[in-house]
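> coordinates only, sequence not included:
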């Protein structure tokens, strides 16, 4: 399919149970055409909630279309007002039919819930016209060249407009094994249709904004005329991610449609208690380069006018659009809600009178496109189709229990030929850790053009506050190493869209202490994408973050975060202790299909103890394989990161006392090489676990637990730990030394263990 803004174009027009229908050229507005339309002035705007009652009653029982045009725009978008004469009759029939299918699916799912068949539902009823209109001008399909879609949970009608079938919708509702969205892993209405470029949907409102922007950036990188659809309800515009995404999209003129479906309620909280100015349309006013449109989303023709204009504008390279559709929520927020507790009967009745399906039916009857009898017949056919889909879905298999843990991580072959430390020439020039990281980035970017590097201060001559990205912009260009806004959630979130669309982003969080604004994305987008999409979507990205103390960084430049992120299924975590391991593990992290948090201890960047001979080009090391940093027979010390060197110092001291210590350097936290740990403990019969993070609930506690479970019978002494105090890390040197592990403290614990 081609761009609707071109004269020889066609658009996707498919309704369940029907073949694709072309939209004639006469129905496609040129985005550059000037428009004289009274609806473009603020005075012409009418929210569907404000339509006078006398305009709603129609003699045949259908709602009449309000006489006042209800489109407002601000920016450079040219809008031609469309009416029934601008569409082929078959196109309008199929649009109405798709809306009917969506509505009856909503109704059928609620009926199934009452019968105890299904567990949850969140409806689209009242949003259908605006979604159907957007579907008319979109190009679904898999991969680059098609449009991309980041849904929220009310986008059922758009999913159907793009090509999802009623059977597939019912498989999702009943959480069946063949549910194409998640294989029963997610709640219904959490869409994720890989074959249509619909990204897997996360539950937290607003989590889709920055991944959607990442898809937009990927479109720009490829230079095609696709666009990304990013939708939400008006409540989600209270999230900071909304404003971060609008800011960055406007600055970069990203090809993104931010579609806000304003039904006036965030569950039970009305918009006047949520939003300054009473509409998200006003919230979006402050972003230069962002065009805005507000439309009556219960009017199909107004919605089509706005959708076509916005999408043509974006495809033509004119920047992002925030399209706010005033819609009605005809059902409660979800099957767990009862809106009669907080909405009056008069208000609910007013919404029903501007039901978008009834409004379109009236228009089509008045224009002679359909008769009342034909509408009744269509409704009967839709009812039968949906009922059949429900009965069919009931008979399909539930997910097999043994598949419950599938797809947490990528389960295929990464295709990496791993090296080992034996492949390093010991006569090679020495290299410090930060330079090894820089060299790995350069080699990988030269090898694979899909690798992009970005974050705060990483570009140009600066090359990051620690120079890890030095010279990357000069060598590979501004489109492959660039600065981001100071917004960690956006840095990680856009990486999700980049990665899901085929790029391999390596993003930098300047200090691990500042990763918390990105926690939403890390926990709810990055890590679970592969699992919640039943293995269909992947997020191969690397998040680099300098971590650790001993640098007088105080509370916000000294944290250790590995234990928290190791507790996040789907995310791999590395924390190397030397230059060679950093280079090999980073190259592997970039090539893997799983997302990786790559932690780099700041105190090791230029430390002599972490310096190694320079590894060869494209040196790679496997994740989940610990390194025996020192062999021994009397006691095992398990450690990682900076603590590995401290443990080696202690081992050397104990050797002078006749104690032979084995030091195990984990290298990666997730996956954890439990086998090497247990083999070492079985050999030495004593174990000390050393880590920098808080002793209480630190990652070392998990290591101790595994040893206790699987190697207790081999132990000749209790398992011991040395770790940091349960306190933030203070700034003053004397205070910092008091709360972090020291060589002396590790040595004392090791001596006690030997003497037990």
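Now that the structure is in, tell me what you want to look at. These numbers were taken from a predicted model, which means no experiment stands behind them.
> contacts, neighbours, all on C-alpha from now
OK.
> rounded mean pLDDT for stretch 183-196, please.
Stretch 183-196 shows a mean pLDDT of 95.
> list the buried residues in it.
For stretch 183-196, a neighbour-count test (16 or more other C-alpha atoms under 10 Å) marks 183-194, 196 as buried.
> likewise stretch 676-691?
Buried-residue list, stretch 676-691, by 16+ other C-alpha under 10 Å: 676-678, 680-691.
> ends of stretch 83-92, how far apart?
For stretch 83-92, the first and last residues are 11 Å from each other (C-alpha to C-alpha, to the nearest Å).
> just the strands in the stretch 151-300 of the chain please.
Applying DSSP state E, counting those that start in this stretch to the stretch 151-300 of the chain gives strands spanning 228-233, 256-262, 265-266, 269-270, 291-296.
> would JSON lines of the buried residues of stretch 183-196 with distance to residue 121 be doable?
Below are the buried residues of stretch 183-196 laid out as JSON lines (distance: C-alpha to C-alpha, whole Å):
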{"residue": "183", "distance to residue 121": "17"}
{"residue": "184", "distance to residue 121": "14"}
{"residue": "185", "distance to residue 121": "15"}
{"residue": "186", "distance to residue 121": "12"}
{"residue": "187", "distance to residue 121": "8"}
{"residue": "188", "distance to residue 121": "6"}
{"residue": "189", "distance to residue 121": "7"}
{"residue": "190", "distance to residue 121": "10"}
{"residue": "191", "distance to residue 121": "13"}
{"residue": "192", "distance to residue 121": "16"}
{"residue": "193", "distance to residue 121": "18"}
{"residue": "194", "distance to residue 121": "22"}
{"residue": "196", "distance to residue 121": "22"}
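> from residue 455, how far off is the nearest residue to residue 282 once chain neighbours are set aside?
The shortest distance from residue 282 to any residue other than its chain neighbours is 7.9 Å, reached at residue 276 (C-alpha to C-alpha, 6 or more residues apart in numbering). Distance, residue 276 to residue 455, using C-alpha to C-alpha: 31 Å.
> residue 691 too?
With C-alpha to C-alpha as the criterion, residue 691 and residue 455 are 28 Å apart.
> equivalent analysis for residue 650, please.
Counting by C-alpha to C-alpha, the gap from residue 650 to residue 455 is 38 Å.
> those two: which is more packed in?
More crowded of residue 650 and residue 455, by other C-alpha atoms under 10 Å: residue 455, with 25 against 22.
> return the helix or strand in the chain with minimum mean pLDDT.
For the chain, counting by mean pLDDT, DSSP states H and E, strand 71-74 ranks last in confidence among helices and strands (a mean of 88).
> what helices or strands is that strand leaning on?
On a contact count with 3 or more C-alpha pairs under 8 Å, 6 or more residues apart in numbering; DSSP states H and E, strand 71-74 meets strand 291-296.
> other SSEs contacting the strand it packs on?
Against strand 291-296 (3+ C-alpha pairs under 8 Å, 6+ apart) you get strand 71-74, helix 280-283, helix 300-315, strand 321-326.
> hmm, try it at 7 Å
strand 71-74, helix 300-315, strand 321-326 (3 or more C-alpha pairs under 7 Å, 6 or more residues apart in numbering; DSSP states H and E).
> Serialize these to JSON lines and add fields for distance to residue 250.
Shown next, in JSON lines, are these (distance: least, C-alpha to C-alpha, whole Å):
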{"stretch": "strand 71-74", "distance to residue 250": "14"}
{"stretch": "helix 300-315", "distance to residue 250": "12"}
{"stretch": "strand 321-326", "distance to residue 250": "9"}
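> now mean neighbour count and distance to residue 260 too, for these, in JSON lines please.
Listed next are the helices and strands packed on strand 291-296 as JSON lines, based on neighbours: other C-alpha atoms under 10 Å; distance: least, C-alpha to C-alpha, whole Å:
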{"stretch": "strand 71-74", "mean neighbour count": "24", "distance to residue 260": "14"}
{"stretch": "helix 300-315", "mean neighbour count": "26", "distance to residue 260": "12"}
{"stretch": "strand 321-326", "mean neighbour count": "29", "distance to residue 260": "5"}
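> quick one: closest of the ones you listed to residue 735.
Closest to residue 735 of the helices and strands packed on strand 291-296 is strand 321-326 (C-alpha to C-alpha; 50.8 Å).
> rounded mean pLDDT for the closest one, please.
97.
> given it, what are its sheet partners and their directions?
strand 256-262 (parallel), strand 291-296 (parallel) (DSSP bridges).
> and those: which comes nearest residue 407?
strand 256-262 (30.1 Å).
> ok, residues contacting that closest one?
Under the criterion C-alpha atoms under 7 Å, 6 or more residues apart in numbering, residues 213, 216, 227-234, 314, 320-327 lie in contact with strand 256-262.
> again, 6 Å this time
With contact meaning C-alpha atoms under 6 Å, 6 or more residues apart in numbering, strand 256-262 is reached by 216, 227-234, 320-327.
> stretch 379-389 too?
Residues contacting stretch 379-389 (C-alpha under 6 Å, 6+ apart): 101, 166-167.
> what comes up buried for it?
Of the residues in stretch 379-389, 379, 382-383, 385-387, 389 count as buried by neighbour count, 16+ other C-alpha under 10 Å.
> how about those in CSV, adding pLDDT?
Below are the buried residues of stretch 379-389 laid out as CSV (pLDDT from 0 to 100):
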residue, pLDDT
379, 97
382, 98
383, 97
385, 98
386, 98
387, 97
389, 97
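> so which of those comes closest to residue 428?
Distance to residue 428 across those (C-alpha to C-alpha) is lowest for residue 389, with 66.8 Å.
> which element is encountered next along the chain beyond the strand or helix carrying the closest one?
Here residue 389, judged by DSSP states H and E, is contained in helix 372-394. Using DSSP H and E, the helix or strand that follows helix 372-394 in sequence is strand 430-431.
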